[in-house]
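Show me the folded form of this:
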Amino acid sequence: MNKEKLLFNMSFLTLKPTVVVLLLSFIGLNKAFGKFPINNDAVKALSYRTYNIGKSLPSEKNHIYAKQMKDNFSPLGAANNLFVTLYKNITGTADYAQADQIKLLVNSSLASNGVGTNKLPNPSDNLAFIEGTKVLAIDGYKTIATKDTITISVDLLTTSLAYKLKVDATAFAVSGFVPMLLDRFTNTLTTLVADTALISFTPTAATNTFGKRFAIVFKATGLPVKQINLSAIKESNNVIVNWNTVDEVGVINYTVQSSDNTTSFTDLSTIRAKNDANASYTFVDANSNSSFYRIKATDITGVVSYSKIMAVSGATGARIIAFPNPLVGNVLHLSTNSLSTGKYNVVLHNTIGQRVFSGEIDGSVINHNLKIGSLTAGQYVLTMSKEGKVVYNTSLQVR
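The predicted model follows:
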């Protein structure tokens, strides 16, 4: 037995149980992948690094386990890879050592979502993906959808010791979607671009039990908000711009824009988004002579979308009120003071554009009672028009 093998065997025998488990996990992953042989030099380097984890911090580029994870092309395939790494503070220093790492990949050749490599649990500082009852070191997805939420379990941490969670998305790009890191404890979302996501946290007795604190979620690009319902109503010399939204996700703000010709728009005001399932906003354009308005939505990735262009209604001084709103029951009241004479069509649409009510009123009558029937609770859009021209548009909540 040469000197090198003797030193390695001696160091292996002195390893703590924690290190033995890590080595067995490393060897098991190599066997499961079956795409490269176990490298004795790599194992020796890993054992040396792990044994000295409390004494020195090697360069991150020399983390053998991380390298093996990145170089491995397992039966799950390569495709789009996203790495989540847990770092632990080395007591008494400002340095951090890698404690654990997991990988998410998307490959269209997979049979289904949530297919992966089982995770051998660490005695401490454990990181894993959770798919139902499965605990995974590598989580494979066939396709990604907007509603997908991939839970990350972080448990068995050392109380009051600083940790860092790093997400490396440099090799992850799924067309049409942006990955984001959800922190359920702070209720924040971090967009994952390249390897910039680095979350620092210190577990306490309370937060250390929050094992499923983090998750990877996905937002469809180009769709910061599912629907924007807009109305622009002339009152005296002002235009009251109201809009409500459906399914806001990661929207930074809304910009109110006006125009005289529907082609050239001017920014009037920027309003911070609420990011609610259903939200309502109002802006008053004082002393306005504009004829058209629209709303620009900007999301956290810089993607912009627009509402439909809405012509100003009530320009003759007419005042239209729909009540009660929210509506309880099946009778909607309309007050239409100062409308010009003639017939007006009143239409109610649900959030997916289906017409659920259609009726007609006389402009010479001020008060109207519309029997709209039984509607499912939710958000609706009420539109009043005359000869094809919209004169009133508003959101109606039904309870």
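
Look at residue 295 and give its secondary structure.
Under the three-state scheme (DSSP: H, G, I helix; E, B strand; the rest coil), the conformation of residue 295 reads as strand.

Looks like it contacts residue 258 (just checking).
No. The pair residue 295 and residue 258 does not pass the contact test of C-beta atoms under 8 Å, sitting 10.8 Å apart. All C-beta spots, glycine's among them, are computed from the backbone N, C-alpha and C.

ok, these two, which is more surrounded?
residue 295 (24 against 20; other C-beta atoms under 10 Å).

domain ranges for this structure?
3-220, 222-312, 318-399 (automatic domain parsing).

Could I get the average pLDDT for the first one?
So that's domain 3-220. Taken as a whole, domain 3-220 has a mean pLDDT of 70.

Next, the contact list for residue 326, please.
With contacts defined as C-beta atoms under 8 Å, 6 or more residues apart in numbering, the neighbours of residue 326 are 396, 397, 398, 399.

give me that answer again for 10 Å
377, 379, 396, 397, 398, 399 (C-beta atoms under 10 Å, 6 or more residues apart in numbering).

what about it, distance to residue 349?
Residue 326 sits at a distance of 17 Å from residue 349 (criterion: C-beta to C-beta, to the nearest Å).

thinking again about what came up before, of the contacts of residue 326, grab the buried ones for PyMOL.
Buried members of the contacts of residue 326, defined by 16 or more other C-beta atoms under 10 Å, are picked up in PyMOL with:
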select buried, resi 379+396+397+398
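
Residue 164: which of the contacts of residue 326 is nearest?
Compare each of these with residue 164 using C-beta to C-beta and the shortest gap goes to residue 379, at 41.6 Å.

May I ask you to confirm that the closest one belongs to a strand?
Yes. Going by three-state DSSP, the assignment for residue 379 places it inside a strand.

Count the residues that sit near residue 218.
When counting by other C-beta under 10 Å, one arrives at 21 neighbours for residue 218.

re earlier: could you export the contacts of residue 326 as CSV, including pLDDT?
As requested, the contacts of residue 326 are arranged in CSV below (pLDDT from 0 to 100):
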residue, pLDDT
377, 86
379, 80
396, 82
397, 81
398, 86
399, 81
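
and of the contacts of residue 326, the nearest to residue 308?
Distance to residue 308 across the contacts of residue 326 (C-beta to C-beta) is lowest for residue 379, with 16.1 Å.

The closest one and residue 326: what is the separation?
Here residue 379 is placed at a distance of 10 Å from residue 326 (C-beta to C-beta).

got it, and residue 113?
Summarising the geometry, the distance separating residue 113 from residue 326, computed by C-beta to C-beta, is 38 Å.

what does residue 163 give?
46 Å.

Over to residue 215?
Counting by C-beta to C-beta, the separation of residue 215 from residue 326 is 33 Å.

ranges for the helices of this structure?
3-13, 17-33, 40-51, 64-71 (DSSP state H).

Just the strands from the stretch 151-300 of the chain, written as ranges.
In the stretch 151-300 of the chain, the segments counted as strands under DSSP state E, counting those that start in this stretch are 163-169, 177-183, 188-191, 194-201, 214-220, 225-235, 238-248, 251-259, 266-272, 278-285, 292-299.

quick one, which of the ones you listed is nearest to residue 353?
The minimum distance between residue 353 and those falls on strand 225-235, with 8.9 Å, by C-beta to C-beta.

buried stuff in the closest one?
Of the residues in strand 225-235, those with enough neighbours to count as buried (16+ other C-beta under 10 Å) are 225, 226, 227, 228, 229, 230, 231, 232, 233, 234.

Nearest to residue 322 among those residues?
Residue 322 has its nearest neighbour among these in residue 231, at 10.7 Å by C-beta to C-beta.

what separates the closest one from residue 341, distance-wise?
Residue 231 sits 23 Å away from residue 341 when distances are taken as C-beta to C-beta.

what do you get for residue 297?
Residue 297 sits 39 Å away from residue 341, taking C-beta to C-beta as the criterion.

which of these two has more neighbours?
A direct count of neighbours by other C-beta under 10 Å for residue 297 and residue 341 places residue 297 higher, at 22 against 8.

hey, what's that one bridged with?
Beta bridges link residue 297 to residue 254, residue 305, judged by DSSP bridges.

likewise residue 85?
residue 101, residue 166.

what about it, neighbour count?
Once other C-beta under 10 Å is used to define contacts, residue 85 is seen to have 23 neighbours.

shouldn't it be in contact with residue 154?
No. Here residue 85 lies out of contact with residue 154, judged by C-beta atoms under 10 Å, at a distance of 11.3 Å.

would you turn the strands of the stretch 151-300 of the chain into JSON lines with distance to residue 140?
JSON lines is the format used below for these (distance: least, C-beta to C-beta, whole Å):
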{"stretch": "strand 163-169", "distance to residue 140": "16"}
{"stretch": "strand 177-183", "distance to residue 140": "15"}
{"stretch": "strand 188-191", "distance to residue 140": "23"}
{"stretch": "strand 194-201", "distance to residue 140": "21"}
{"stretch": "strand 214-220", "distance to residue 140": "13"}
{"stretch": "strand 225-235", "distance to residue 140": "29"}
{"stretch": "strand 238-248", "distance to residue 140": "28"}
{"stretch": "strand 251-259", "distance to residue 140": "31"}
{"stretch": "strand 266-272", "distance to residue 140": "38"}
{"stretch": "strand 278-285", "distance to residue 140": "35"}
{"stretch": "strand 292-299", "distance to residue 140": "28"}
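
Between those, which one is closest to residue 372.
With respect to residue 372, and counting by C-beta to C-beta, the nearest of the strands of the stretch 151-300 of the chain is strand 225-235 at 17.4 Å.

Put the alpha carbons of that closest one into CSV.
Extracted C-alpha coordinates of strand 225-235, given in CSV (Å, rounded to 0.1, in the frame of the first residue of the first chain):
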residue,chain,number,x,y,z
VAL,A,225,-51.9,40.4,-15.6
LYS,A,226,-54.6,38.2,-17.0
GLN,A,227,-57.2,40.9,-17.7
ILE,A,228,-57.6,44.7,-17.3
ASN,A,229,-61.1,46.1,-17.4
LEU,A,230,-61.0,49.9,-18.0
SER,A,231,-63.5,52.8,-18.0
ALA,A,232,-62.9,56.5,-18.6
ILE,A,233,-65.8,58.7,-17.6
LYS,A,234,-66.1,62.5,-18.2
GLU,A,235,-67.3,64.4,-15.2
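
Thank you kindly, that will do.
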